[in-house]
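Visitor: Here is my input; please provide its structure:
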Amino acid sequence: MLTIRQSNQRGHFNHGWLNTYHTFSFDQYYDPRYLGFRSLRVINEDFVAPGRGFPKHGHRDMEIITYILEGALKHEDSIGNGSVIRPGDVQRMTAGTGVRHSEFNGSTDESVHLLQIWIIPNADNLQPGYEQKAFSLEERLNRLRLIASADGRDGSVTVNQDISLFASIIDAGQQVEYAIDEKRYGWLQVARGAVEVNGEQANQGDGVVIVAESSLKIRAAEPSEVLLFDLV
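Guide: All right, here's what the predicted structure looks like:
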């Protein structure tokens, strides 16, 4: 069974420097129907203005994944990491017992478009940690590339939860397929473009809830980019 979480039903706030869309309840946005999905707690689509960003703030007991669509984001944290995240990079931060971090758009003329994802970990009070890996266009083009998993297999970043997260950039008219255990759950987030999932249309910003399906066929109606979560 597939259910479409439509883009225009998400929480939306435009703060000038930050234009943000919330798939699930977050901060000032609350919808009791969408508090999260399985261990998936947050999918925020953010557009950050040039020279602006999130000053240092704290998190704990959460796995945070940042996926950049356009631009570059500068990251610094209280456990000694400093980096710039660009398209194709995947950053995982384990907040655990507590981490403070900041994220800024260092460009003077280009905005940053990103997805920030929060996953509830399999245990509280974990040791804070950080990991960042790059995945080329070729690795993701017209195929599902594993970018995060519980065991770090195939070069993915390691997440403290039983999930597999895949990314794909799909040319118009091309299709990717995925076999999923019917006892598990899926969530497909359309980051860009428009796709058809087992015959159901999903557009940019839409999420697709996947329950009791054994296979997925994801066909792009136009050049598209998607993230697919396989969840317990």
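Visitor: so where is the protein shaky, pLDDT-wise?
Guide: The model of the chain has no residue with pLDDT under 70.
Visitor: now with 90?
Guide: Confidence mapping of the chain against pLDDT under 90 gives the ranges 53-57, 75-77, 79-83, 101-102, 104, 106, 108.
Visitor: can you give me the helices in it?
Guide: 137-140 (DSSP state H).
Visitor: got the buried residues for stretch 13-30?
Guide: For stretch 13-30, the neighbour count (16 or more other Cβ atoms under 10 Å) marks 18-26, 29 as buried. Every residue, glycine included, has its C-beta placed from N, CA and C.
Visitor: no, scratch that, I was asking about stretch 46-55
Guide: For stretch 46-55, by 16+ other Cβ under 10 Å, it's 46-49, 53-54.
Visitor: sorry, back to before: just the buried residues of stretch 13-30 now: which is nearest Asn8?
Guide: Proximity of the buried residues of stretch 13-30 to Asn8, judged by Cβ to Cβ, is greatest for Tyr21, which lies at 9.5 Å.
Visitor: how far away is the closest residue to Ala150 other than its chain neighbours from Glu213?
Guide: Leaving aside its sequence neighbours, Ala150 sits nearest to Asp162 (Cβ to Cβ, 6 or more residues apart in numbering; 5.2 Å). Separation of Asp162 from Glu213 (Cβ to Cβ, to the nearest Å): 18 Å.
Visitor: Surely Ile43 touches Thr23?
Guide: Yes. With contact defined as Cβ atoms under 8 Å, Ile43 and Thr23 form a contacting pair (4.0 Å).
Visitor: which neighbours do the two share?
Guide: Taking Cβ atoms under 8 Å, 6 or more residues apart in numbering as the contact rule, Ile43 and Thr23 both touch 189, 207.
Visitor: Name all residues that make contact with the residue of the chain positioned farthest from its centre.
Guide: Counting by Cα atoms, centre = their mean, the extreme residue of the chain relative to its mean C-alpha position is Thr108, 25.3 Å from that point. Listed by Cβ under 8 Å, 6+ apart, the contact set of Thr108 reads 50-51.
Visitor: likewise Asn203?
Guide: By Cβ under 8 Å, 6+ apart, the neighbours of Asn203 are 7, 190, 193-194.
Visitor: now it: how far from Ser83?
Guide: 32 Å.
Visitor: Asp162 and Glu213 - which one has more neighbours?
Guide: Glu213 (18 against 15; other Cβ atoms under 10 Å).
Visitor: Is Arg41 in contact with Ala95, as I believe?
Guide: No. If you go by Cβ under 8 Å, Arg41 and Ala95 don't touch, sitting 11.8 Å apart.
Visitor: Can you work out which residues contact both of the two?
Guide: In terms of Cβ under 8 Å, 6+ apart, Arg41 and Ala95 are both contacted by the residues Met62.
Visitor: out of these two, which sits in the more crowded spot?
Guide: Ala95 (21 against 18).
Visitor: In this structure the more buried one contacts His59, no?
Guide: Yes. Using Cβ under 8 Å, Ala95 is in contact with His59, at 3.9 Å.
Visitor: Mind picking the two most distant members of the buried residues of stretch 46-55?
Guide: Those two in the buried residues of stretch 46-55 that are separated most widely, counting by Cβ to Cβ, are Phe47 and Phe54, at 13.0 Å.
Visitor: Quick one: neighbours of the residue nearest to Ala221 when sequence neighbours are not counted, just the number.
Guide: Nearest non-adjacent residue to Ala221, counting by Cβ to Cβ, 6+ apart: Ala194, 4.4 Å away. Ala194 has 17 neighbouring residues, counting by other Cβ under 10 Å.
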